[in-house]
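>>> Got a predicted structure plus its sequence, pasted below:
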Amino acid sequence: MAGIVDTHTHLVVFHRKGVLDETLAAAAEAGVERLVTVGTDTDDWDVYAEMAGKYPQVDYTVGIHPCSVEDGWEAACGKIEDYWARELKPVALGEIGLDRFHLPKDEAEAKVVFERQVAACEAQLEIAKRLDVPVVIHSRGAFEECVESIDRSGVDWSKVVFHCFSEGPGEMKQLLDRGGFGSFTGVITFKNAESVREAAKLQGLNRLMIETDAPYLAPMPKRGKPNEPSYLAHTAAYCAEVFGVSLEEFAARTTANAKAFYGLD
Ligand SMILES: [Zn+2]
Ligand SMILES: [Zn+2]
């Protein structure tokens with residue numbers, strides 16, 4: 001079978017548990033030929049840069065996740081561009097964005113935290129625009145605001161992916177109208193995710209990308225368990241059926257899309 005690409009995973013979790021080699025071996029066994037490990041905070045950027053140097057199938061990104069935006073984020077933000085001066089550059093900036101699901105209960109406090117997320121997201125979009133590199137967007141409960149920030153930033157939409165796309169066809173159309181992308185996690189395999197499947201079909205196989213977002217969001221039939229890159233095979237098999245194509249064709253096309261988007265060789 002043609003290999004598949006896990007376009008969004010957090011390998012630091014497996015690294016810290018001391019099981020990275022086994023995890024990558026299981027992924028390879030399941031047909032995952034490439035992985036993009038996604039930065040969320042200064043804590044994981046160097047781990048990922050090193051990992052990408054050690055494992056030829058691993059590429060990395062750097063960015064400050066909206067839930068990692070804390071006081072002093074500006075200093076962290078100031079380090080991002082340095083990674084593009086390295087020999088082994090990140091393949092994208094991210095994940096960055098907005099997240100309403102983990103805000104403090106107190107309304108006034110939540111407002112401050114959300115505004116700080118917007119500021120950090122927009123500062124990073126500015127860097128992405130300057131570097132002209134792909135951007136990984138994390139949007140939870142804040143789709144419209146993310147779209148507005150990107151519109152304002154002047155970032156090239158053809159370099160933007162909304163990862164873990166969990167909205168419906170209406171939101172997908174907004175991305176497509178602008179030239180952006182959505183990538184899909186195991187959420188697409190959930191029984192109640194019909195509108196997510198419709199969004200995937202609207203995007204079509206010419207643009208579709210898949211990911212695990214491991215260790216989160218394991219696909220059926222592993223739902224509820226900690227996720228790992230090898231489980232991408234379940235999502236791929238499920239999606240091939242949704243699209244009515246062979247697994248071989250599904251793998252070949254989504255891998256081509258991922259390689260083109262992230263510039264993987
Ligand atoms: Zn995310
Ligand atoms: Zn993620």
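Sure thing, it's come through. Ligands and ions are numbered 1, 2, ... in the order given.

>>> measure the closest residue to ligand 1 within the stretch 1-150 of the chain to Val245 for me?
Taking Cβ to the ion, ligand 1 has its nearest neighbour within the stretch 1-150 of the chain at His138, 3.4 Å off. For the C-beta atoms, the positions are set from N, CA and C on the backbone; glycine is no exception. To Val245, His138 is 29 Å away according to Cβ to Cβ, to the nearest Å.

>>> Kindly report the same for Trp73.
43 Å.

>>> With Arg100 instead?
With the distance defined as Cβ to Cβ, Arg100 ends up 35 Å from Val245.

>>> So which residues on the stretch 101-250 of the chain come close to ligand 1?
Residues of the stretch 101-250 of the chain that fall close to ligand 1, judged by Cβ under 5 Å from the ion: His138.

>>> in the stretch 101-250 of the chain, which spans are helices?
107-131, 143-153, 169-178, 194-203, 232-243, 247-262 (DSSP state H, counting those that start in this stretch).

>>> How about the third one, which residues are buried there?
Judged by neighbour count (16 or more other Cβ atoms under 10 Å), helix 169-178 contains these buried residues: Pro169, Glu171, Met172, Leu175, Leu176.

>>> List the contacts of the fourth one.
Right, the one you point to is Leu175. By Cβ atoms under 8 Å, 6 or more residues apart in numbering, the contact set of Leu175 is Val147, Trp157, Val160, Phe162, Phe181, Gly182, Gln203.

>>> Please repeat the previous calculation with a cut-off of 10 Å.
Leu175 is in contact with 137, 143, 147, 150, 157, 160-162, 165, 167, 181-182, 199, 202-203, 207, counting by Cβ atoms under 10 Å, 6 or more residues apart in numbering.
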